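Peer 1: prediction below, plus the sequence it came from.
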Amino acid sequence: MKVIIVGAGALGVSVARYLARTGADVLLLDQRGVGTGTTATTFAWTNSHRKHDPAYHRLNLAGMAEHARLAERSRGPRSYFPSGALQWADAASEQWLADNVARLRSLGYPARWVTPEEATRIAGGGLRPPATAASLAHFPSEGYVLPELFVSGLLSDARRHGATYVTGEVVAVDDRPDGVSVALADGEVRTADRVVLAAGRWTERLAARAGIVVPMVTDTDRGSQTVGLLGYASTPGPGPRCVVHSPGLNLRPATDGHTVLQALDLNAEVDPADPPPTDGHLARTLARRLSALLTDPSRTGPITLRIGFRSLPADGHTIAGYASARSRVYCLVSHSGITLAPVLGRLAAAEITTDREQDLLHAFRPTRFTGVRRSDMDVSQRATALGEQ
């Protein structure tokens with residue numbers, strides 16, 4: 001079987017790896033470069049923390065478990081860290097955190113209350129909860145991914161099993177009863193038995209060229225719910241050991257002595273058409289909030305900023321499956337791409353190569369949008385509260 005995968009982010013490279021391991025003839029295409037789209041600007045927290053829909057919660061739990069299995073078998077530099085995550089709440093968010101801990105515990109999701117001293121020890125890196133922290137919780141099954149290493153490791157394994165990677169812009173997809181093809185901007189046409197659309201926020205546009213409806217939130221103006229800001233702080237000495245969420249700042253370890261910073265309330269101020277400067281208000285705000293969490297505020301180094309665009313299906317949930325019973329185009333897009341990449345890669349590859357439906361994906365077919373008006377879809381997916389992504 002020959003499969004063309006459009007999009008070399010976390011989802012596309014994952015499905016390429018699993019398909020190549022089955023012996024499929026895999027061609028991976030990306031218009032910019034491996035991991036340079038949504039994957040390059042993700043907070044990369046692995047969790048099933050605020051997934052209220054039961055099917056979505058189960059899928060994310062499976063994603064976390066698949067990360068652990070994949071890490072055991074992977075070669076090369078380590079990219080997945082089951083570090084656990086800490087959250088602390090102030091007086092305004094204390095009830096919110098209490099309710100969430102109770103809900104997660106009722107589902108069997110590991111969650112426990114910790115003291116400020118325990119939180120300081122778990123977090124490491126000179127981090128400590130401020131005096132305003134009213135309650136603190138630890139979620140030991142959560143973790144984080146280093147996206148660049150994660151994607152490069154998947155691609156290396158896919159190539160070892162025969163996958164081919166090519167840079168090129170796909171401008172059209174032709175889904176026919178006798179086969180499927182993609183046309184590239186340079187005029188070349190590639191044919192295959194199946195095409196996987198894993199192009200992140202560009203998936204809706206590419207799907208439409210094949211007559212397929214994949215509704216997504218595509219607005220990228222100032223204040224759009226797809227727009228997110230990340231800061232990368234240089235932190236001399238040992239950095240944090242786990243993911244940390246506080247009322248004003250989320251952070252996780254990164255590579256090369258850096259810490260990734262995220263302040264969800266600042267996203268509304270980000271205008272992609274006028275990127276914030278590294279010495280501007282937003283960078284200073286991130287630096288000030290980080291300093292407030294450090295026992296030694298002088299350890300706050302320079303902060304660089306990146307603007308990211310979330311891959312957000314219109315109803316907020318993953319899309320995985322064929323556009324119709326006759327289609328040869330498999331659509332794969334998710335707001336939880338880092339958590340779900342390994343399990344979606346494995347399940348999608350199984351469906352493509354065996355034509356057997358995987359139970360975990362039943363609730364996420366693109367056919368759920370058939371006959372549904374856009375105005376009836378729940379697009380309220382803005383992350384604004386403690387611990388929401």
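Peer 2: Cool, got the structure.

Peer 1: so where do the helices sit in the stretch 151-300 of the chain?
Peer 2: 203-208, 281-291 (DSSP state H, counting those that start in this stretch).

Peer 1: hmm, I typed the wrong one, I wanted the stretch 1-150 of the chain.
Peer 2: With DSSP H, counting those that start in this stretch as the criterion, the stretch 1-150 of the chain has helices spanning 10-21, 54-73, 94-106, 116-123, 147-160.

Peer 1: can I get the first one in PDB? Just the C-alpha atoms.
Peer 2: Pointing back at helix 10-21 there. The C-alpha trace of helix 10-21 is given here as PDB (Å, rounded to 0.1, in the frame of the first residue of the first chain):
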ATOM      1  CA  ALA A  10       3.800  15.600  15.400                       C
ATOM      2  CA  LEU A  11       0.700  13.800  14.000                       C
ATOM      3  CA  GLY A  12       1.900  13.400  10.400                       C
ATOM      4  CA  VAL A  13       5.300  12.100  11.400                       C
ATOM      5  CA  SER A  14       3.800   9.700  14.000                       C
ATOM      6  CA  VAL A  15       1.400   8.100  11.500                       C
ATOM      7  CA  ALA A  16       4.300   8.000   9.000                       C
ATOM      8  CA  ARG A  17       6.400   6.000  11.500                       C
ATOM      9  CA  TYR A  18       3.600   3.500  12.300                       C
ATOM     10  CA  LEU A  19       2.700   3.100   8.700                       C
ATOM     11  CA  ALA A  20       6.300   2.500   7.600                       C
ATOM     12  CA  ARG A  21       6.700  -0.100  10.300                       C
END
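
Peer 1: by contact count, what packs against it?
Peer 2: strand 2-6, strand 25-30, helix 147-160, strand 329-333, helix 337-354 (3 or more CB pairs under 8 Å, 6 or more residues apart in numbering; DSSP states H and E). Placement of C-beta: from N, CA and C, glycine included.

Peer 1: remind me which residues of the protein are low pLDDT?
Peer 2: 374-376, 378-389 (pLDDT under 70).

Peer 1: spatially nearest residue to residue 174, not counting backbone neighbours?
Peer 2: residue 181 (4.8 Å; CB to CB, 6 or more residues apart in numbering).

Peer 1: same thing with residue 238?
Peer 2: That would be residue 125: by CB to CB, 6+ apart, it lies 5.5 Å from residue 238.

Peer 1: count of residues packed around the one you found?
Peer 2: The number of residues packed near residue 125 is 21, by other CB atoms under 10 Å.

Peer 1: distance of the closest residue to residue 148 other than its chain neighbours relative to residue 51?
Peer 2: Counting by CB to CB, 6+ apart, residue 148 lies nearest to residue 35, which is 6.0 Å off, once chain neighbours are set aside. Here residue 35 is placed at a distance of 24 Å from residue 51 (CB to CB, to the nearest Å).

Peer 1: most tightly packed of the helices and strands packed on helix 10-21?
Peer 2: Most buried of the helices and strands packed on helix 10-21 by mean neighbour count (mean count of other CB atoms under 10 Å) is strand 329-333; its value is a mean of 28.

Peer 1: just name the most buried of the helices of the stretch 1-150 of the chain.
Peer 2: It is helix 10-21: most buried of the helices of the stretch 1-150 of the chain by mean count of other CB under 10 Å, with a mean of 29.

Peer 1: can you give me the neighbour number for residue 132?
Peer 2: 14.

Peer 1: enumerate every residue touching it.
Peer 2: 90, 91 (CB atoms under 8 Å, 6 or more residues apart in numbering).

Peer 1: isn't residue 236 up against residue 300?
Peer 2: No: the pair residue 236 / residue 300 is not scored as a contact, 9.3 Å apart, by CB atoms under 8 Å.

Peer 1: and those two? which has more neighbours close in?
Peer 2: Between residue 236 and residue 300, counting by other CB under 10 Å, residue 300 is the more crowded of the two (21 against 11).
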